[in-house]
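[1] Pasting a predicted model and its sequence here:
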Amino acid sequence: MDKEIEKLAHEVGMMFKQKNMKLATAESCTGGGLGFWITSIPGSSEWYDRGFITYTNAAKTEMLNVKPHTLDMYGAVSEPVVIEMADGALAQSDADITIAVSGIAGPDGGSPDKPVGTVWIAYASKNSRSEAFIELFPGDREAVRLATIKRALEQVIKFTL
């Protein structure tokens, strides 16, 4: 999977560079992994603005302006929260597009409504409406985190076209 992620990160970089656009990330369950793969690409400083690692609810509120009410009402792993994370990253950066991820990587923390592997991914853009979608990835903690990073990169290409 590492080679697939590296290839996707390179494609994202080429696209953002060609379009003269900047990207920022807001991560929870991936703990900075998305930013790691993006910055593994030489020259990424031309198109990657910054990353927010907001693992706790307090960090989401303080760094990305996620509303405490939204967290209380829906939980950190939800469409409204991940959209507020993406929108907050957009407001707190010089990016044109942002990616936000929040999920349950496991092995603990799952519930019947939100089992381990549940991940929300959202995108925000200065030029369009925010979008979010849910995934349920199989596997252990590492597999869920890597699958999240891969899907986030795949989808940002589609979102940016």
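    The structure has been received and is ready for your questions.
[2] Report the helix or strand with the lowest average pLDDT across the protein.
    strand 128-136 (a mean of 94; mean pLDDT, DSSP states H and E).
[3] Wait, residue 5 touches residue 152, no?
    No - using C-beta atoms under 8 Å, residue 5 is not in contact with residue 152; the gap is 9.8 Å. For the C-beta atoms, the positions are set from N, CA and C on the backbone; glycine is no exception.
[4] any idea where the strands of the chain begin and end?
    Shown for the chain, the strands assigned by DSSP state E span residues 23-27, 48-53, 97-103, 118-125, 128-136.
[5] returning to that earlier point: and the least confident helix or strand of the chain, C-alpha only, in PDB?
    Extracted in PDB, the C-alpha atoms of strand 128-136 (Å, rounded to 0.1, in the frame of the first residue of the first chain):
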ATOM      1  CA  SER A 128     -17.400  25.300  -3.900                       C
ATOM      2  CA  ARG A 129     -19.400  23.700  -1.200                       C
ATOM      3  CA  SER A 130     -17.900  21.300   1.300                       C
ATOM      4  CA  GLU A 131     -18.400  17.600   0.700                       C
ATOM      5  CA  ALA A 132     -18.100  14.600   3.000                       C
ATOM      6  CA  PHE A 133     -18.500  10.900   2.700                       C
ATOM      7  CA  ILE A 134     -18.300   7.900   5.100                       C
ATOM      8  CA  GLU A 135     -16.200   4.800   4.700                       C
ATOM      9  CA  LEU A 136     -16.000   1.500   6.600                       C
END
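[6] which parts of the longest helix belonging to the chain are buried?
    Secondary structure assigned by DSSP state H gives helix 141-160 as the longest helix of the chain. Of the residues in helix 141-160, those with enough neighbours to count as buried (16 or more other C-beta atoms under 10 Å) are 144-156, 159-160.
[7] One more: stretch 101-119?
    By neighbour count with 16+ other C-beta under 10 Å, stretch 101-119 contains the buried residues 101-106, 114, 116-119.
[8] How many residues are close by residue 63?
    If you count neighbours by other C-beta atoms under 10 Å, residue 63 ends up with 16.
[9] pretty sure it contacts residue 52?
    Yes - using C-beta under 8 Å, residue 63 is in contact with residue 52, at 5.2 Å.
[10] Run through the bridge partners of the residue nearest the centre of the chain.
    Closest residue to the average C-alpha location of the chain: residue 100 at 2.9 Å, with C-alpha atoms, centre = their mean. Here residue 100 sits in beta bridges with residue 26, residue 122, as judged by DSSP bridges.
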